[in-house]
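**Q** no FASTA, just this:
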Ligand SMILES: Cc1c2[nH]c(c1CCC(=O)O)Cc1[nH]c(c(CCC(=O)O)c1C)Cc1[nH]c(c(CCC(=O)O)c1C)Cc1[nH]c(c(C)c1CCC(=O)O)C2
C-alpha cells in the first residue's frame, strides 16, 4: 500500500445522519437480520470517507440471539439479557451456532463483496470474555462482579462457558469469511478488567483456540480490547496478526509490549475529534510517527467513534492519514 491504511471502529453508526434515517423505527437487532439494511449501513461510511476497509454492520450479540438467547440491545444502554447465565442449567442454553442460524449474514456479506470491489470487508465477532460478561451480568457492567465471581470461584463452569462461547465465535467468524470477508477482528472490549495472570489462565486458552481455528482461512486476524495496556503481550501471544491498542499506550511503547512480528492497529483517542482540527492533525501525526516503529500499522481510533462526532472530522482525518503517510 502506498500509505498507512485507515478505518474507524464504529464507523458505521450513530454519528452518521444517513444511518439514523435508515434505522428510524427499526430495532438494532432487527436491523442486523435484514441484508439490504446491513449492506446499506456498511456502505455508508465507505461512501463518505476514504477508508481502506469496511466493517460489517452487525453486533457481537447477534450470534447469541441467533441461537435463541433471549436478549435485546437497548438504545443508550447496550445488550440486556433476560435470564443471565450463572450455572450449569444456564450453560446448557448455549447451543452451537450453525451457518443456517445466520442466513442474513451470509447473504449480506455476499452482497457487500460485490458492492465493495477492491475495498476489503472486515468481519468480526465478540471474544468469549466480553460475551461472557454480558451473559453473566445480564447487561453492561462496571466491575464485572458476577463474571469474576464465576471466573475465580467456579473455574470448571467458567472454562466450560468460555469453550462454548469460543465455538460460537469461531463459527460466526467462519460464516463471514466463507461468504467473502477478507479480514476478521475479535473484539474483547472489556477484557482490560482482568489482571495478566488471570488472563493467562482464564482467557488466553480460549482466545488462542479461536485464532488457531481461523488461521487456515488465510485472512488477517485482528485482536482488540480496551484498557489492555498490561495485556498487550499476552494478547499478542494469543495469535492474531494485528494487535489493536487503545489510546492509553503510545504505539512505540506498544511495540515493546507485543511479541515480534505483530502489526499494530490504533490508536487516536476518539475524544480528540472534539478538539479543533489543528489539534486532531497534530495528534494524528504523532500516532503515525510512533506507529512507524511497528512491523506494520493500521491507523484507527483507540476505541469506537463516539456518537456526537462530526463526520466531517473523520473525513478530514482519513484524508490526512493518507497524505501524511504517503510513500
Ligand atoms: C461491546 C460491543 C457491543 N457491540 C460491539 C462491541 C465491541 C466494540 C466496542 O467495544 O465498541 C461491536 C459492534 N457493534 C456494532 C458494530 C458495527 C460496525 C461498526 O463498528 O461500525 C460493531 C463492530 C453496531 C452497533 N451496536 C450498537 C449500535 C448502536 C445502536 C443504535 O444505533 O441504536 C451500533 C451502531 C449497540 C451496542 N452494542 C453493544 C454496545 C455496548 C452498544 C451501544 C449501546 C448504546 O450505547 O446505545 C455491544
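**A** Looks like it came in fine. Note that the structure is a prediction, hence the values are computed from the model and not measured.
**Q** Next up, the contacts around the closest residue to residue 49 other than its chain neighbours.
**A** In space, residue 49 comes closest to residue 318 once its chain neighbours are excluded; the distance is 4.5 Å by C-beta to C-beta, 6 or more residues apart in numbering. All C-beta atoms are positioned from the backbone trio N, CA, C, and that covers glycine. Contact analysis of residue 318 by C-beta atoms under 8 Å, 6 or more residues apart in numbering lists 6, 8, 49, 50, 51.
**Q** Would you check which pair of those lies furthest apart?
**A** Largest separation among these by C-beta to C-beta: 8 and 50, giving 11.4 Å.
**Q** what about the two, which has more around it?
**A** residue 8 (25 against 14; other C-beta atoms under 10 Å).
**Q** Could you give the bridge partners of the residue nearest in space to the middle of the chain?
**A** Compute the mean C-alpha point of the chain, and by C-alpha atoms, centre = their mean the closest residue is residue 187, 3.5 Å away. When bridges are called by DSSP bridges, residue 187 pairs up with residue 126, residue 224.
**Q** doesn't residue 224 make contact with it?
**A** Yes - using C-beta atoms under 8 Å, residue 187 is in contact with residue 224, at 5.8 Å.
**Q** next one: phi and psi at residue 244?
**A** Backbone geometry at residue 244, expressed as degrees, to the nearest 10, gives phi -80, psi 140.
**Q** Could I get the pLDDT score of the residue in the stretch 101-250 of the chain positioned nearest to the ligand?
**A** Closest residue of the stretch 101-250 of the chain to the ligand, C-beta to the nearest ligand atom: residue 189 (3.2 Å). Looking at residue 189, its pLDDT is 97.
**Q** Which pLDDT value belongs to residue 46?
**A** 98.
**Q** ok so it is a strand residue?
**A** No - under DSSP: H, G, I helix; E, B strand; the rest coil, residue 46 sits outside any strand and is assigned helix.
**Q** Run a quick neighbour tally on it.
**A** Neighbours around residue 46, by other C-beta under 10 Å: 21.
**Q** Residue 307 too?
**A** For residue 307, using other C-beta under 10 Å, the count is 12.
**Q** and residue 6, backbone torsions?
**A** Torsion angles, degrees, to the nearest 10, at residue 6: phi -140, psi 140.
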